[in-house]
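1. Have a look at this fold, sequence not included:
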């Protein structure tokens, strides 16, 4: 596994139970499940920042561009992506 960074986290009991259940369903540890969730969140934040920079440089995305993006991501029309 290599070098690791240990954390101690606290959360509401119902969230903790849901995390344990989700990790169990995936056949992974809670640590691995949380690391994956954190990685996805960080990637989404970086993507959001990149899209914001794109719009600052090239203007806002058109409705057609947003609809095409939603379709490719299988997001329902009219939903916020």
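-> Yep, it's here. What you see is a predicted model; the values in this text were computed from it and never measured. Numbers count the residues shown, from 1 in each chain.
2. ok, which stretches of the protein are helices?
-> Taking DSSP state H as the criterion, the chain contains helices spanning 13-26, 30-58, 63-72.
3. Could you check the angle the first one makes with helix 30-58?
-> By that I understand helix 13-26. Note on geometry: by axes from the mean of the first three to the mean of the last three CA atoms, to 10 degrees, helix 13-26 and helix 30-58 are set 100 degrees apart in direction.
4. Would you mark the buried spots in helix 13-26?
-> 19, 23 (16 or more other CB atoms under 10 Å). All C-beta atoms are positioned from the backbone trio N, CA, C, and that covers glycine.
5. ok so, going back, in CSV: the helices of the chain, plus distance to residue 7.
-> Conversion of those to CSV gives the following (distance: least, CB to CB, whole Å):
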stretch, distance to residue 7
helix 13-26, 13
helix 30-58, 8
helix 63-72, 34
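6. Would you mind saying which of those lies nearest residue 6?
-> Using CB to CB as the criterion, the shortest distance between residue 6 and the helices of the chain is 9.1 Å, found for helix 30-58.
7. before we move on, back to that, between the helices of the chain, which one is nearest to residue 2?
-> Using CB to CB as the measure, helix 30-58 is the one of the helices of the chain that comes nearest residue 2, at 12.7 Å.
8. which of the helices of the chain has the lowest average pLDDT?
-> When the helices of the chain are ranked by mean pLDDT, helix 63-72 comes last with a mean of 91.
9. Would you mark the buried spots in it?
-> Neighbour-count burial for helix 63-72 flags residue 70 (criterion: 16+ other CB under 10 Å).
10. could you check the angle helix 30-58 makes with it?
-> Here helix 63-72 runs at an angle of 160 degrees relative to helix 30-58 (the same axes, to 10 degrees).
11. Let the chain start at 863 from now.
-> Noted, 863 is the first residue going forward, which turns the last one into helix 925-934.
12. and helix 925-934, how far out from the chain's middle?
-> The chain centre lies 19 Å from the centre of helix 925-934; the measure is CA atoms, centre = their mean, to the nearest Å.
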